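**Student:** this is a predicted model, with the sequence first.
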Number of protein chains: 2
Amino acid sequence: MNMTIPAGADAARAIEVLTRLRDQLGAAAVLIGADVPERNRNDWSTQPPTNPLAVVRPVDAAGVSAALRACREASLPVVPQGGLTGLCGGARPEDGWVALSLERLVGVEEIDPDSATMTVRAGTPLEAVQRAATDAGLYFALDLGSRGSCAIGGNLSTNAGGNRVIRYGMARELVLGLEWVLPDGTIVTSLNKMMKNNAGYDLKQLFIGSEGTLGVITRIVLKLHPQPGCTMSALCALPDYPSVVRLLNASRRGLGPLLSAFEVMWPDYWEVVTQRVGVRPPVAGAHGFYVLVEAQGTDEAVDGPRFAAWLEQFADGGGLADAALAQSVADTQSFWALRDACSEFFQVLGPHVSYDVALAVRDMDAFAAQCKAALLAQIPGCESVYYGHIGDGNVHLVAWVPGLSIEEQPKKRMDEVIYGTVRDFKGSISAEHGIGTAKKPYLSYARSPEEIALMRTLKQALDPQNLLNPGKVI
Amino acid sequence: MNMTIPAGADAARAIEVLTRLRDQLGAAAVLIGADVPERNRNDWSTQPPTNPLAVVRPVDAAGVSAALRACREASLPVVPQGGLTGLCGGARPEDGWVALSLERLVGVEEIDPDSATMTVRAGTPLEAVQRAATDAGLYFALDLGSRGSCAIGGNLSTNAGGNRVIRYGMARELVLGLEWVLPDGTIVTSLNKMMKNNAGYDLKQLFIGSEGTLGVITRIVLKLHPQPGCTMSALCALPDYPSVVRLLNASRRGLGPLLSAFEVMWPDYWEVVTQRVGVRPPVAGAHGFYVLVEAQGTDEAVDGPRFAAWLEQFADGGGLADAALAQSVADTQSFWALRDACSEFFQVLGPHVSYDVALAVRDMDAFAAQCKAALLAQIPGCESVYYGHIGDGNVHLVAWVPGLSIEEQPKKRMDEVIYGTVRDFKGSISAEHGIGTAKKPYLSYARSPEEIALMRTLKQALDPQNLLNPGKVI
């Protein structure tokens, strides 16, 4: 067998423990060498696929524990894998590692309508979680583009965000209980269903958002919400950024907790989606900014007129150049098509690099202007467009040099310009995508030496042999 | 000077470092021995006051760091203190310890209306935080009875809850950034203002709710909300617990995110507050349960009628024995007077013991019945009453044997019966009050050996000398 064995591990010992693990968990649970499926060799971070030593696919926490103990015995590095949709390399194995895939640890265990909770296994796809909630007359609020492929465990290990954070919070805020396995194989079961539980440290918080470097999440108690009774939306055109901020503040005040999305599109983004992707613009003419405002209400008859009256009142105060109010679900979908068109950028822009950064609301336009100018000045021909969930402090941007292949794109220089500008504004180099390996060289742009040292202290305390997803994040 | 020096410390060395610290931070910052004010010798946990060696009162994080380094040098245990309103002994010094009080580390540093954040120093009283938010046209959602005395840093170190958790979450969910000082004196400044920031581990989560055992919180970036435009409320009488759960689910569905409180009173509680405290009941007759439902809207003209229509619709479906709909702010206040009357229990019930536990919503009434019966069976004459924020899974209860002084109350046996019943229902021994020393013997009733071992691993990693609030929580 042609296999790569990582430094510090011994080939014979590795095969011995993996064979023993296969006897224990079954043939379908342990695939070695050339039998490792293509999907487990990479994630969506556009790096080349690798040659893991094996993939282990347990069906429960006991199997995850057995896998971690076995790999520890043979000093084999382990990378946890969910839906493999991460963009930063967090779930990508290195050559010779063991991929610990949660793909068979799936299914909804319980929905408790009175506590408004769902207990679910970590490998379950997000879309299946959403559907199970809906089927029970409830609503799971996390939503993102890769819903059909990503796993709920991966959503938590990266603390996923998405479109409705402004109303429901990040993935972290949708978790009440967790079960996870520590690097030494200890299973910690803390499947709390209560909104309030202050009995000692809230341990689960450490395992949410740590990208599988401290433990492997196996089961989750999710917080469910009532199904929204109706959705209202408007596509607003505004002359300048101060007007956008005024609209944001007016949305918060006037729509209160009904406000469910506030998506801003800069004119460069708007031009690409309306002219090159070809989405029909619901407002005419060229404007300084375009904003999709969405609210979720409980009663169409009450909340529909309220939303319309709120928008009219804002318009009366000036600062709104134009606006289209959705009259139907189809209208709302057509507004979202403008925002979702970024998924078609590859077709219309060709190879490009996507970024996900966070900034204080007041700094966003200055950031966009400074970043765009710096990219152009330092990378001849470099174009960039800006859009994002600005109510959450989150801007996405896409940068590219036309005519270059993805390998030829000057990604490293782009990284330096963009993350350097983020640092100037005291922003974050990752709003919702995590760090993985892709953003690791820039962690110090967003975190202080004291913060990074403390992350290392925690990693060392929980994984002293540094075998669980080593080299990721820190 | 008559001073107690803790085991492992040396008196001369202790005085030397404290004197040096006084030279460094000023005479008002370090009070030694008999100069320690009465307030710093205890908290609200009804234990006797103690004799700390000194109190240190820094005005900034650098002063907190200097204090921690000095105490470490002399092996002196340190207890962080905020408003000292904790009920579990978390802020109570032992004899010979140094009290590190945040009482002079106060004031609002900044309010950013566009990011909807406030940066505030940890010793600032909660009420001052609320007022500063209101003065800026915004709203800080955390609220609890001791608002005038408790400090925001203490609210975070205990992850305080309060009345509106069902809408706004616990204190944890109202924090975006944090600055804290580690046991070794390292200042970690992470004053993030963004709702989304996934650049590495979310370290602040570990210091929220750990009751000052892992670090000392010095500054906080709080998340603010829009001011509610109007408040609607109703006091509902229901025949049985299934009807209460139906009302809860109908509130979530019909009021959506406007639902801001769902307070349940069992008949034993109702009898005490209406007959012994003497609060006027807004509904007549005796019923199975009483529920205060509150919603916060944005527009009285829209949300007032919506609330009334929602209640009427529920009543039409049956299961509502009686209801009073608030017609004015005064009405809402009079409904809350029923719930707040528990603060007068000392006057009407005499000495009693208060408990704060959490359970799954569906188990609460069974818990109350079983707990009440077990108390009576095992402690002759023991009375108990039940009330709480049941939408959050939180029940409060008060137990007492009439005629006994507070010292004579059989607290230990009550603890065992009540926490034992909580364990039977897989609930939590602390919903919002923390563990401190008072609940520490029962931590294993609510947390598994694996969870407690992991808490110890973290404590050991961050405070290897075990000098920061030692013996608290774990």
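**Tutor:** Yep, it's here. Residues are numbered from 1 along each chain as shown, chains lettered A, B, ... in the order given.

**Student:** find the nearest non-adjacent residue to the residue of the stretch 301-450 of chain A found nearest chain B, please.
**Tutor:** Going by CB to the nearest CB, chain B is nearest to A:G393 of the stretch 301-450 of chain A, at 3.5 Å. For glycine as for every other residue, the C-beta is placed from the backbone atoms N, C-alpha and C. Nearest residue to A:G393, sequence neighbours excluded (CB to CB, 6 or more residues apart in numbering or on different chains): B:M194, at 3.5 Å.

**Student:** show me the contacts for the one you found.
**Tutor:** By CB atoms under 8 Å, 6 or more residues apart in numbering or on different chains, the residues touching B:M194 are A:358-360, A:392-394, A:427-428, A:431, B:115, B:176.

**Student:** same check on A:S448?
**Tutor:** B:188-190.

**Student:** so, low pLDDT: which residues of chain A?
**Tutor:** For chain A, the stretches with pLDDT under 70 are A:1-3.

**Student:** dump the longest helix along it to CSV, restricted to CA.
**Tutor:** In chain A, taking DSSP state H as the definition, the longest helix is helix A:300-316. Extracted in CSV, the C-alpha atoms of helix A:300-316 (Å, rounded to 0.1, in the frame of the first residue of the first chain):
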residue,chain,number,x,y,z
GLU,A,300,-49.6,39.5,7.6
ALA,A,301,-52.7,41.7,8.2
VAL,A,302,-51.0,43.6,11.0
ASP,A,303,-47.3,43.5,10.0
GLY,A,304,-47.7,44.1,6.3
PRO,A,305,-49.2,47.5,6.7
ARG,A,306,-46.8,48.3,9.5
PHE,A,307,-43.8,47.6,7.3
ALA,A,308,-45.2,49.7,4.5
ALA,A,309,-46.0,52.6,6.9
TRP,A,310,-42.5,52.4,8.4
LEU,A,311,-40.9,52.6,5.0
GLU,A,312,-43.1,55.5,3.9
GLN,A,313,-42.3,57.4,7.1
PHE,A,314,-38.6,56.9,6.5
ALA,A,315,-39.0,58.1,2.9
ASP,A,316,-40.8,61.2,4.1
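
**Student:** name the helices or strands packed onto that helix?
**Tutor:** strand A:230-238, helix A:241-255, strand A:289-297, strand A:322-325, helix B:300-316 (3 or more CB pairs under 8 Å, 6 or more residues apart in numbering or on different chains; DSSP states H and E).

**Student:** could the ones you listed go into CSV alongside distance to A:A122 and mean neighbour count?
**Tutor:** Below are the helices and strands packed on helix A:300-316 laid out as CSV (distance: least, CB to CB, whole Å; neighbours: other CB atoms under 10 Å in any protein chain shown):
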stretch, distance to A:A122, mean neighbour count
strand A:230-238, 30, 23
helix A:241-255, 34, 21
strand A:289-297, 28, 25
strand A:322-325, 41, 17
helix B:300-316, 37, 17
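
**Student:** for whatever residue of the stretch 51-200 of chain A ends up closest to chain B, phi and psi?
**Tutor:** Closest approach between the stretch 51-200 of chain A and chain B, counting by CB to the nearest CB: A:M194, at 3.5 Å. For A:M194, the backbone dihedrals (degrees, to the nearest 10) come out as phi -100, psi 140.

**Student:** kindly report the same for the one 5 residues further on.
**Tutor:** Note on A:A199: backbone dihedrals following degrees, to the nearest 10 are phi -90, psi 80.

**Student:** which ones are touching the closest residue to it other than its chain neighbours?
**Tutor:** Counting by CB to CB, 6+ apart, the nearest residue to A:A199 once its immediate chain neighbours are dropped is B:A446, at 4.2 Å. By CB under 8 Å, 6+ apart, the contact list for B:A446 reads A:197, A:199-200, B:419, B:422-423, B:427-430.

**Student:** buried only: go through the residues you listed for me.
**Tutor:** For the contacts of B:A446, a burial check counting by 16 or more other CB atoms under 10 Å in any protein chain shown picks out A:197, A:199-200, B:419, B:422, B:427-430.

**Student:** can I get those in TSV with distance to A:C236 and secondary structure?
**Tutor:** Output for those, formatted as TSV (distance: CB to CB, whole Å; DSSP: H, G, I helix; E, B strand; the rest coil):
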residue	distance to A:C236	secondary structure
A:N197	41	coil
A:A199	47	coil
A:G200	47	coil
B:Y419	55	helix
B:V422	51	helix
B:G427	47	coil
B:S428	45	strand
B:I429	50	coil
B:S430	46	coil
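
**Student:** the stretch 351-474 of chain A: helices as residue ranges?
**Tutor:** Assignment of helices within the stretch 351-474 of chain A using DSSP state H, counting those that start in this stretch yields the ranges A:364-378, A:411-424, A:443-446, A:449-462.

**Student:** tell me which of those helices sits most buried.
**Tutor:** Of all those, helix A:443-446 has the most neighbours on average by mean count of other CB atoms under 10 Å in any protein chain shown, namely a mean of 20.

**Student:** how about the residues of the stretch 51-200 of chain A by chain B?
**Tutor:** Residues of the stretch 51-200 of chain A lying close to chain B (CB under 8 Å from any CB of the partner chain) are A:112-116, A:158-159, A:161, A:165-167, A:169-170, A:172-173, A:182, A:186-190, A:192-200.
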